[in-house]
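Novice: coordinates only, sequence not included:
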């Protein structure tokens, strides 16, 4: 039980490091890090697109 908790904390720490790294090269496991970074960038781009679309729709309705 204690080992599982330590492993989970270690995994959490790795995720934190991946999220805060300045470049994918700094990640210990490049394949996993690149996939994670690519996924997060894609999600952010999608959310930014939705935000911009909603902002433009609100502006159109309010005029």
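Specialist: Noted; the coordinates are in hand. Computed from a predicted structure; not experimentally measured. Residues are numbered from 1 along each chain as shown.

Novice: for this structure, longest helix please?
Specialist: helix 30-62 (DSSP state H).

Novice: counting contacts, what elements does it pack onto?
Specialist: helix 2-20 (3 or more CB pairs under 8 Å, 6 or more residues apart in numbering; DSSP states H and E). Using the backbone N, CA and C atoms, a C-beta is placed for each residue, glycine as well.

Novice: quick check: the gap between residue 41 and residue 58.
Specialist: Using CB to CB, to the nearest Å, we find residue 41 at a distance of 26 Å from residue 58.

Novice: one more: residue 34?
Specialist: Going from residue 34 to residue 58 by CB to CB gives 36 Å.

Novice: of these two, which one has the most company?
Specialist: Neighbours per residue, other CB atoms under 10 Å: of residue 34 and residue 58, the larger number sits with residue 34, 14 against 10.

Novice: tell me the pLDDT at the more buried one?
Specialist: pLDDT recorded at residue 34 is 81.

Novice: what do you get for residue 37?
Specialist: According to the predicted model, the pLDDT of residue 37 comes to 88.

Novice: returning to what we had before: how about the longest helix of the chain: buried residues?
Specialist: 33, 36-37 (16 or more other CB atoms under 10 Å).

Novice: what about this structure, any weak spots by pLDDT?
Specialist: Low-confidence regions of the chain, defined by pLDDT under 70, span residues 1-32.
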